[in-house]
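*Asks:* following is a predicted model, sequence given first.
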Amino acid sequence: MTALGDTLEAMSTSARRWSSLQADLRGWVDHAAVAAAVSTAQATRGFRVVVSPPGAPGNQQAPAGMDTRRGSLQATPESLRVDWHGDSDGNPDSDGVVVRGLQWRRRHCGKVHGSRPAAAEFGLTAVGISELALVRPWLVLSGLDLAAPRPDAQERDGRPATWVRGVPRDQNFAPRLHNLPEGDSYDLVVDDATGVLLELTAWSGERKTEQLSLRAPRFDAPIDPRRFDLGAVGTVAESERLGGQARPLAALAREVDFTVLAPRDLTYAGVLENDEDGAAIVAHSYGGRLPISRVWFVQSRGARMADPAEWKPIALADGTPARWWSPADDSDQGHVRFERAGTQIWVLGHGRREIHDLAISLAPVSWPESEPFPSSTRTCGDPGHEP
C-alpha cells in the first residue's frame with residue numbers, strides 16, 4: 001500500500017474485510033507522561049489543573065513509572081473481548097473489557113462498570129476504550145488528520161502494513177471521545193489487508209505516553225460467540241450502572257441518606273458515587289452564569305471529603321464557619337469546607353469570588369413525590385477535574 005487513500009479506504013471499510021480476529025495484546029504506558037499530557041491538554045482548552053489540598057481524600061500521589069502489560073484480544077467487527085493477564089514483572093492482572101454492539105462492560109481493579117441498554121448517552125464514545133480503536137479504526141478518522149504514509153514498505157508478523165501519523169484536527173480534541181489514549185499525535189500501523197490497527201502509539205510532544213500492539217494476529221478463525229457475553233467480565237451492580245450519569249440534584253435527594261443542597265440561582269447536575277465510606281455527590285454546572293468546570297462541589301455525610309484541619313479558619317458572608325485553602329502559587333484557586341443542614345460540603349475550583357458565591361448560595365432541595373424524575377443529562381465538565 002503506497003497511497004494514503006488506500007490506507008483510509010482500508011480503515012473506513014475495515015468491518016467488511018475480516019470476520020474474526022484473535023491476537024496477543026501488549027500494552028505500555030508512561031504514567032508521568034500521561035499526567036503531563038492531560039495537564040497540557042487542559043491548559044490548551046483553558047482549564048487549569050486544581051491542586052489537591054492538604055487532607056485531600058484518597059491517594060494524591062500521581063502514578064509514576066512505566067507499566068508493561070500482556071493480554072489477549074478476540075474480536076469480530078461487532079464485538080470485542082480483552083483479557084489482561086499480567087505485567088512484565090510477573091504480577092497477575094485480572095482487568096478485562098467486553099464490547100457487544102453499543103454495550104460494554106469493563107472490569108478494573110475488581111470493580112465492574114458498564115452501560116445500560118436504555119441509556120443511549122452511555123454509548124461507546126463516552127467510555128474511552130482504547131483497545132476498541134484497534135479493531136474499529138474508523139472511530140479515529142473523524143478526529144485525526146492523517147499524514148501521508150512513509151514510502152518504504154513494512155511488515156508486521158509477516159503481514160504487509162503501512163505507518164501513518166495522525167494529529168488532532170482542532171485544539172478542543174478530546175482523545176477519549178475517539179477511543180484514543182491521551183496525546184497530541186498518534187502513530188498508527190495499519191494492516192494493509194484488513195485496515196485493523198496492528199499498533200497504536202500516542203505521543204505528547206516528543207514524549208511517548210501509551211502504546212497498544214497486536215502480536216501474532218490470526219484472522220477469520222472460528223470464535224465461540226459466548227466469549228462476547230457482557231457478563232463475561234462480571235455483573236454490574238445497580239449502584240454502578242448510574243456511575244458517570246449526571247442528574248438534577250433534587251432527583252438525587254431520594255437516593256442518599258443526607259440532605260442534598262443545590263445553588264439557588266444556578267443549574268447544577270450531580271453524579272452519585274459510592275465507596276466504602278458512603279455516598280457522595282459530585283456536582284458540576286451545566287448552565288447559568290458560571291463557566292463549566294470553573295467551580296464545582298462535593299457533598300456527603302463525610303465520604304470523599306478533604307480533612308481541613310490544616311486550612312485557614314474563615315467565616316462565609318452569611319456567617320457560616322468554614323475552612324479555606326489556596327495554593328501559594330495560584331491565589332485564584334481555592335477550596336472551602338463547611339457544614340450546612342447536617343451535610344458536609346467541599347467547594348473548589350478557580351475564582352475566589354465564584355467559590356464564595358456558590359458556597360453561600362447552597363440550600364436544601366427535594367424532588368416532589370408526585371413528579372417523575374426528569375430525563376438524565378450528560379455529565380458536564382472534564383472528569384479529570386474532579387477531586
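*Replies:* On my side now, so go ahead.
*Asks:* any idea what Gly166 is bridged to?
*Replies:* Counting by DSSP bridges, Gly166 is bridged to Leu146, Tyr186.
*Asks:* how far away is it from Leu132?
*Replies:* Using CB to CB, to the nearest Å, one obtains 16 Å as the distance from Gly166 to Leu132. Just so you know, the C-beta spots here come from the backbone N, C-alpha and C atoms, and that holds for glycine as well.
*Asks:* buried stuff in the longest helix seen in the chain?
*Replies:* Using DSSP state H, we find that the single longest helix of the chain is helix 31-44. Neighbour-count burial for helix 31-44, counted by 16 or more other CB atoms under 10 Å, picks out 33-39, 41-42.
*Asks:* please apply the same query to stretch 194-208.
*Replies:* Quick answer for stretch 194-208 (16+ other CB under 10 Å): 194-204, 208.
*Asks:* which of those sit farthest apart?
*Replies:* Based on CB to CB, the longest span within those runs between Thr194 and Ser204 and measures 28.8 Å.
*Asks:* I'd like the average pLDDT over stretch 348-366.
*Replies:* In this model, stretch 348-366 has a mean pLDDT of 92.
*Asks:* residues touching it, excluding its own?
*Replies:* Here stretch 348-366 makes contact (CB atoms under 8 Å, 6 or more residues apart in numbering) with 48, 50, 249-250, 253, 259-266, 290, 293-298, 316-318, 320, 322, 326, 331-336, 338, 340-341, 345, 347, 387.
*Asks:* can you list the low-confidence ranges for the stretch 251-387 of the chain?
*Replies:* For the stretch 251-387 of the chain, the stretches flagged by pLDDT under 70 are 286-293, 367-387.
*Asks:* which residues in it form helices?
*Replies:* Assigned by DSSP state H, counting those that start in this stretch, the helices in the stretch 251-387 of the chain fall at 352-361.
*Asks:* ranges for the strands of it?
*Replies:* 261-263, 268-275, 278-285, 295-300, 312-315, 321-325, 333-340, 343-350, 362-364 (DSSP state E, counting those that start in this stretch).
*Asks:* hey, what's Gly278 bridged with?
*Replies:* When assigned by DSSP bridges, Gly278 has beta-bridge partners Asp275.
*Asks:* what's the single longest strand in this structure?
*Replies:* If you go by DSSP state E, the chain has its longest strand at strand 207-219.
*Asks:* tell me the strands beside that one, with direction?
*Replies:* Short version: by DSSP bridges, strand 207-219 pairs with strand 21-30 (antiparallel), strand 197-204 (antiparallel).
*Asks:* if I look at the most far-flung residue of the chain relative to its centre, how far off is Asn172?
*Replies:* Going by CA atoms, centre = their mean, the residue of the chain most distant from its centre is Gly319, 38.4 Å out. Distance, Gly319 to Asn172, using CB to CB: 42 Å.
*Asks:* in which helix or strand would I find Leu180?
*Replies:* Counting by DSSP states H and E, no helix or strand carries Leu180.
*Asks:* does it touch Gly143 like I think?
*Replies:* Yes - using CB atoms under 8 Å, Leu180 makes contact with Gly143 at a distance of 7.3 Å.
*Asks:* quick check: mean pLDDT of stretch 73-87?
*Replies:* The model assigns stretch 73-87 a mean pLDDT of 93.
*Asks:* next: stretch 108-125.
*Replies:* Stretch 108-125 carries an average pLDDT of 62.
*Asks:* give me every residue that touches Val295.
*Replies:* 285, 347-351, 354-355, 358.
*Asks:* nearest to Glu310, of the residues you listed?
*Replies:* Leu348 (15.5 Å).
*Asks:* tell me how the chain divides into domains.
*Replies:* Domain segmentation of the chain under automatic domain parsing yields 4-233, 242-385.
*Asks:* need the distance between the two termini of the longest one.
*Replies:* To tie it back to what came earlier, the one meant is domain 4-233. Start-to-end span of domain 4-233 (CA to CA, to the nearest Å) is 38 Å.
*Asks:* quick check, pLDDT for Arg13.
*Replies:* For the record, residue 13 is Thr, not Arg. Value listed for Thr13 in the pLDDT field: 97.
*Asks:* what distance do you get for it to Asp83?
*Replies:* Separation of Thr13 from Asp83 (CB to CB) stands at 28 Å.
*Asks:* so the two - more neighbours on which side?
*Replies:* Asp83 (19 against 13; other CB atoms under 10 Å).
*Asks:* surely that one and Arg70 touch.
*Replies:* No - look at Asp83 against Arg70 with CB under 8 Å: they stay out of range, at 10.2 Å.
*Asks:* what residues does the spatially closest residue to Pro175 that is not a sequence neighbour make contact with?
*Replies:* Computed as CB to CB, 6 or more residues apart in numbering, the closest residue to Pro175 that is not its neighbour in sequence is Glu182, at 5.5 Å. Taking CB under 8 Å, 6+ apart, we find Glu182 in contact with 34, 37-38, 41, 175, 202, 204, 209-210.
*Asks:* before we move on, what about Thr201?
*Replies:* Contacts of Thr201 by CB under 8 Å, 6+ apart are 186-188, 208, 210-211.
*Asks:* over to Val167?
*Replies:* 144-145, 147, 184-186 are the contacts of Val167 under CB under 8 Å, 6+ apart.
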